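Asks: need coordinates for the below:
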Amino acid sequence: MNEAIFHELKKFILDNLSSYKDWMSLNEAANYAGVSYNTFIKFRTLGLKVCEIDGIKRVSKKEIDRFLEGHSF
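Replies: Alright, predicted model coming up:
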């Protein structure tokens, strides 16, 4: 397999795995929400709840969905 195709396929799979997880890292969550990491961090100031234990931050898929639904018009 061509190395460039392999890397693109790997990136696609990793980017889309987050949609199947209940809890995601902030990077995964930003990808799931379809926004940049910096925009996702701004969501926290708007009320998005993030779980942090020993410096490890995770956000639930349900919380992201709730937040986006609540900010839709």
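Asks: and residue 56, what's its pLDDT?
Replies: Confidence per residue is given as pLDDT, and for residue 56 that number is 95.
Asks: same check on residue 6?
Replies: The predicted local distance difference test score for residue 6 is 73.
Asks: any idea how far it lies from residue 27?
Replies: Note on residue 6: its distance to residue 27, by CB to CB, to the nearest Å, is 21 Å. (C-beta placed from N, C-alpha, C; glycine too.)
Asks: over to residue 50?
Replies: On the measure of CB to CB, residue 50 and residue 27 end up 13 Å apart.
Asks: now do residue 33
Replies: 11 Å.
Asks: so for those two, which residue has more residues nearby?
Replies: The neighbour count for residue 33 versus residue 27, taken as other CB atoms under 10 Å, is higher for residue 33 (20 against 11).
Asks: just checking, that one touches residue 40?
Replies: Yes: counting by CB atoms under 8 Å, residue 33 sits close enough to residue 40 to count as a contact (6.1 Å).
Asks: next SSE after the one helix or strand residue 32 maps to?
Replies: Here residue 32 sits within helix 26-33, counting by DSSP states H and E. Going down the chain from helix 26-33, the next helix or strand is helix 37-45, by DSSP H and E.
Asks: that following helix packs against which elements?
Replies: Counting contacts by 3 or more CB pairs under 8 Å, 6 or more residues apart in numbering; DSSP states H and E, helix 37-45 packs against helix 26-33.
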